[in-house]
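# can you look at this prediction? I've put the sequence above it.
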Amino acid sequence: MKQRIEIDHIGIATHTLEEGSKFWTILGLKSQGQDDFVEDQGVTTRFFPLSSSDSRPPKIELLEASGPDTPIGKFLSKRGEGIQQLCLSVDDLEQMVRHLIDNGIKMIDETPRKGAHNSIIAFVHPKSTGGVLVELKQR
């Protein structure tokens, strides 16, 4: 199976978007679009595209939990602020998920679902990736 795979973004859990944004703003990055609340994940996201000549540059995604019992809230209480996931964009998400499952890869999402800014995503379980939470995103 041949697909173009690119880094879409790196997700960073932060206690607040405002505090988490300080470094990236001082670095010279500007947030893109509006913050987005993803209700089923209990998270508000803010994206900072990296400077690039590419029309779809990789981004830094800041993640603020809406409460302690959300995935990001649990991550923060267990590990503190930091990199929470790596997101890769793929040409055909459904085909990629099937391919991974067929090859014994454990998925958190066997069926793609809605992510931030109406994207379509699926998470791969860290047990199958060497301990990294990988988000796959339909390009």
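Cool, the structure landed. Because the structure is a prediction, the values reported are computed rather than measured.
# from here on, just use CA atoms for contacts and neighbour counts.
OK.
# mind showing which ranges of the protein have poor pLDDT?
For the chain, the stretches flagged by pLDDT under 70 are 52-53.
# 80 - rerun?
By pLDDT under 80, the weakly predicted segments of the chain are 51-54.
# does D109 really touch A122, like I thought?
Yes - counting by C-alpha atoms under 8 Å, a contact exists between D109 and A122, whose distance comes to 5.1 Å.
# neighbour count for the two, which is higher?
A122 (24 against 15; other C-alpha atoms under 10 Å).
# which residues are in contact with the more buried one?
The contact partners of A122, taken as C-alpha atoms under 8 Å, 6 or more residues apart in numbering, are L93, V97, M107, I108, D109, E110, T111, P112, R113, E135, L136, K137.
# now those: which count as buried?
In the contacts of A122, burial by neighbour count holds for L93, V97, M107, P112, E135, L136, K137, counting by 16 or more other C-alpha atoms under 10 Å.
# who does the helix or strand harbouring D8 pair up with?
Secondary structure assignment for D8, by DSSP states H and E: strand 6-14. The strands beside strand 6-14 in its sheet (DSSP bridges) come out as strand 59-65 (parallel), strand 82-90 (antiparallel).
# show me the helices in the protein, by range?
Here the chain has its helices, by DSSP state H, at 17-27, 71-79, 93-102.
# can you tell me which of those helices comes nearest to Q3?
Ranking these by their distance to Q3 (criterion: C-alpha to C-alpha) puts helix 93-102 first, at 8.4 Å.
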